[in-house]
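Undergrad: predicted coordinates and the sequence they were generated for:
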Amino acid sequence: MAICKEDLYRMVESLNDEDKKAAFDFMEFLIERSKKQKPKSWQKIDELESDNELLTKEEVKQLECEDGYISGEDAKREFGLQVDLP
């Protein structure tokens with residue numbers, strides 16, 4: 001399916017700044033995936049030793065929850081760990 005670049009540009013331009021950042025991050029992910037390589041930012045994760053710990057009951061409950069999820073950015077704002085700049 002051919003996608004017109006101008007349609008992509010229009011879609012991105014219609015997003016608010018926060019969603020533009022999410023779109024940018026996702027596009028970076030797609031580019032890395034298309035190269036059949038893991039993103040460079042994942043290399044450190046791959047180098048870590050596995051903890052092999054079982055999930056807690058709370059973690060299982062969270063994974064099975066159907067309420068959806070929030071982004072890390074939203075969580076930081078919710079807990080006052082990030083200040084939005086004007």
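TA: Yes, it's here.

Undergrad: so residue 71 makes contact with residue 22?
TA: Yes. Look at residue 71 against residue 22 with Cβ atoms under 8 Å: they come within range, at 7.3 Å. Heads up, the C-betas are built off the backbone N, CA and C, glycines and all.

Undergrad: in this protein, spot the helix with the most residues.
TA: Looking across the chain with DSSP state H, the single longest helix is helix 17-34.

Undergrad: in it, which residues are buried?
TA: Buried residues in helix 17-34, counted by 16 or more other Cβ atoms under 10 Å: none are found.

Undergrad: show me what the helix or strand just after it is packed up against.
TA: Note on helix 17-34: by DSSP states H and E, the next helix or strand toward the C-terminus is helix 43-47. Packing contacts for helix 43-47, counted by 3 or more Cβ pairs under 8 Å, 6 or more residues apart in numbering; DSSP states H and E, involve no helix or strand.

Undergrad: can you pull out the low-pLDDT segments for the chain?
TA: Low-confidence segments of the chain, defined by pLDDT under 70: 1, 37-39, 82-86.

Undergrad: 80 - rerun?
TA: 1-2, 32-46, 66-86 (pLDDT under 80).

Undergrad: so for residue 21, what's the nearest residue that isn't a sequence neighbour?
TA: Spatially, and ignoring its direct neighbours in sequence, residue 21 is nearest to residue 73 (8.0 Å; Cβ to Cβ, 6 or more residues apart in numbering).

Undergrad: before we move on, back to that, dump the longest helix of the chain to CSV, restricted to CA.
TA: What follows is helix 17-34, C-alpha atoms only, in CSV (Å, rounded to 0.1, in the frame of the first residue of the first chain):
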residue,chain,number,x,y,z
ASP,A,17,3.4,18.7,20.5
GLU,A,18,3.2,15.8,23.0
ASP,A,19,1.7,13.5,20.3
LYS,A,20,4.3,14.6,17.8
LYS,A,21,7.0,13.4,20.2
ALA,A,22,5.2,10.0,20.5
ALA,A,23,4.9,9.8,16.7
PHE,A,24,8.6,10.6,16.3
ASP,A,25,9.6,8.0,18.9
PHE,A,26,7.4,5.4,17.1
MET,A,27,8.8,6.3,13.7
GLU,A,28,12.3,5.8,15.1
PHE,A,29,11.3,2.4,16.4
LEU,A,30,9.9,1.5,13.0
ILE,A,31,13.1,2.5,11.2
GLU,A,32,15.2,0.5,13.6
ARG,A,33,12.9,-2.5,13.3
SER,A,34,13.0,-2.3,9.5
